[in-house]
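Peer 1: next input, structure requested:
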Amino acid sequence: MTITTVLTDIEGTTSAIAFVKETLFPFAEQALDGFLESRRGDAEVAAILAEVPGADPAATLRGWMADDVKATPLKTLQGMIWEAGFRDGRLRGHLWPDVAPCLRAWHAAGLRLAVYSSGSVAAQRLLFGHSEAGDLLPIFSGFFDTRVGHKREAASYAAIAAALATPPASILFLSDVAEELDAAAASGLGTCQLVRPADGAVPSGRHREAADFPAVAALCGLPATP
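Peer 2: Here you go, the predicted structure:
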């Protein structure tokens, strides 16, 4: 079936793993206590903290940060903290140089674009809306995070296909993580593994492999950049 939609991961796929680990995570960790103190009594934050186990939610959150736990409450709070940094210019979303030109070319050719990341939808929108390549939000049709399901579970990809009202076979999922691609393939999506040398991705041998987005286009029959 012809590809009509490209669903992309972020970390290790469109953006350097180092940006998340060395810039975004430390920014959120340093700002956590001040953020929680400044938002004391905020109903939205209180609802998120109610989902965090333990007598000391802040301690649990710091533990999750240290262990890089993909917990939805943590990801939601991180997104809220990053928002301030993106909006005041302290943060700019990193993209590999090949990404934005290909995304724009695919969008111009009529392909739908969507994102599926363990980072919250709010964080995804901030990264692409305040990226080094400018505001890319207008070219995307959807954003999905762990609220739709975990990335290594096939049901998550079926849910995304349903939300996009698109047959799974017409969706191409891009990720650097083989187990995520396995789950997507189990739901009938097309797959391609990004193996960027700078990010240290290990080829799985189970999926098509590309070093960058132009290589994805060549392998998968997508429009090339002008």
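Peer 1: list the residues that contact the residue nearest the centre of the chain.
Peer 2: Among the residues of the chain, the one closest to the centroid is S117, at 2.9 Å (CA atoms, centre = their mean). Applying CB atoms under 8 Å, 6 or more residues apart in numbering to S117 gives the contacts D9, I10, E11, A123, Q124, F144, D145. (Each C-beta comes from the backbone N, C-alpha and C, glycine too.)
Peer 1: redo these as a markdown table? Include pLDDT, secondary structure and neighbour count.
Peer 2: Below are these laid out as a markdown table (pLDDT from 0 to 100; DSSP: H, G, I helix; E, B strand; the rest coil; neighbours: other CB atoms under 10 Å):
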| residue | pLDDT | secondary structure | neighbour count |
| --- | --- | --- | --- |
| D9 | 98 | coil | 23 |
| I10 | 97 | coil | 25 |
| E11 | 94 | strand | 21 |
| A123 | 85 | helix | 27 |
| Q124 | 92 | helix | 22 |
| F144 | 98 | strand | 21 |
| D145 | 95 | coil | 22 |
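Peer 1: which two among those are spaced furthest apart?
Peer 2: By the measure CB to CB, E11 and F144 form the most distant pair in the contacts of S117, at 14.5 Å.
Peer 1: the protein: helices as residue ranges?
Peer 2: 17-19, 25-38, 43-49, 57-67, 72-87, 99-108, 121-129, 154-163, 178-186, 213-220 (DSSP state H).
Peer 1: which of those sits most buried?
Peer 2: helix 121-129 (a mean of 23; mean count of other CB atoms under 10 Å).
Peer 1: other residues contacting that one?
Peer 2: By CB under 8 Å, 6+ apart, helix 121-129 touches 10, 15, 24, 75-76, 78-80, 82-83, 86, 91, 93-94, 115, 117, 119, 135-137, 140, 143-145, 147.
Peer 1: counting neighbours, what do you get for L91?
Peer 2: The tally of other residues near L91 (other CB atoms under 10 Å) stands at 19.
Peer 1: which residue is the nearest non-sequential neighbour of it?
Peer 2: Leaving aside its sequence neighbours, L91 sits nearest to G85 (CB to CB, 6 or more residues apart in numbering; 3.8 Å).
Peer 1: just A105 next, same as before
Peer 2: Among residues not flanking A105 along the chain, T225 sits closest, at 4.7 Å (CB to CB, 6+ apart).
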